[in-house]
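Engineer: below: sequence and its predicted model.
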Amino acid sequence: MSDSAHKNRKLPELSPGTAHEDALREGTRLAGGPVSLACSFSVEDIVVLDMIMETGLKIGVFAIDTGRLNEETYETAEALGARYGIRIEWYFPQAADVEELVREKGLFSFRNSLEDRKECCRIRKVEPLDRALENLAGWVTGLRREQNVTRAQISFLEREDREGAIIKINPLAEWTADQVSEYVQKKQLTVNRLNGLGYPSIGCAPCTRAVRPGEDARAGRWWWENPEHKECGLHSR
Ligand code: SF4
């Protein structure tokens, strides 16, 4: 099959209740090339990392350092690298773009408007992600449908609409927050210390706050914006 025919081929719909290992295996098989986990060190990503290690599938791990992460996130990354004996492929934003942004708009431009916030995410997150994906046939995420309205429709397997189409594998698509917590407890996983301080979802330090009882998991992300905008561009193209 030609490259373009491969890219246009419709992905199979995995049935509801598909086991996470099966979603991982099928996604990796269909990708037919290098696959890597995009790890933000969220509790979901850590669960998926552990699953990958359990399956023994040849899946790498990459992470994006936006330059604005919490200290606790770096500690978590180092602890996971040591626990599993893995090398994390870190990607950084282009220095010249960050310099220009900060010189022109200051260190907190993302608070000015939605456009400025998206500009910061584009420079610090999306551009490095694009480079990370350049040589991959598939990427794995820890996305769950119930995390936010923006994620309610995700499938186990998706084809990313980008140059050189890539398969996105979401093995936790159907999982609930309770299932994630139970897995963490059962496996005694190392998670970000901030999770225990009211941060169910952790992004950059200045754009994340703890959630209040009853709030949804992503309420603390860009809390000054409406829920339908709460994506940084990594998962909403
Ligand atoms: Fe910038 Fe905030 Fe986006 Fe991080 S989350 S890249 S600091 S706007």
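Structural biologist: Received the coordinates, thanks. Numbering: from 1, shown residues only.
Engineer: those residues of the chain touching the ligand, which are they?
Structural biologist: Contact residues (CB under 6 Å from any ligand atom) of the chain with the ligand: 66, 68, 110, 117, 120-121, 124-125, 203-204, 206-207, 232. Any C-beta I mention is one placed from the backbone N, CA and C, and that applies to glycine too.
Engineer: looking at those, which is nearest K10?
Structural biologist: The closest of the residues of the chain next to the ligand to K10 turns out to be C232 (CB to CB; 28.0 Å).
Engineer: related to what we said a few turns ago, from the residues of the chain next to the ligand, which would you call buried?
Structural biologist: Listed as buried from the residues of the chain next to the ligand are 66, 68, 110, 117, 120-121, 124-125, 203-204, 207, 232; burial here means 16 or more other CB atoms under 10 Å.
Engineer: burial measure for A219, as a count.
Structural biologist: 18 (other CB atoms under 10 Å).
Engineer: measure the closest residue to it other than its chain neighbours to S181 for me?
Structural biologist: Spatial nearest neighbour of A219, excluding adjacent residues (CB to CB, 6 or more residues apart in numbering): V211 at 4.8 Å. Applying CB to CB, to the nearest Å, the value for V211 to S181 is 15 Å.
Engineer: of those two, which one has the most company?
Structural biologist: Remark: of V211 and S181, V211 carries more neighbours, 18 against 15, as counted by other CB under 10 Å.
Engineer: gap between that one and Y199?
Structural biologist: Distance, V211 to Y199, using CB to CB: 7 Å.
Engineer: find residues that contact each of those two.
Structural biologist: G220 (CB atoms under 8 Å, 6 or more residues apart in numbering).
Engineer: what is the neighbour count of the closest residue to L11 other than its chain neighbours?
Structural biologist: Among residues not flanking L11 along the chain, L157 sits closest, at 4.7 Å (CB to CB, 6+ apart). Other residues near L157 come to 22 when the count uses other CB under 10 Å.
Engineer: against V140, how distant is L157?
Structural biologist: Counting by CB to CB, the gap from L157 to V140 is 11 Å.
Engineer: shared neighbours of these two, which are they?
Structural biologist: With CB under 8 Å, 6+ apart, L157 and V140 have common neighbours 27, 168-170.
Engineer: is it possible to get TSV of those that adds pLDDT and distance to N226?
Structural biologist: Conversion of the shared contacts of L157 and V140 to TSV gives the following (pLDDT from 0 to 100; distance: CB to CB, whole Å):
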residue	pLDDT	distance to N226
G27	95	32
K168	93	25
I169	95	29
N170	95	24
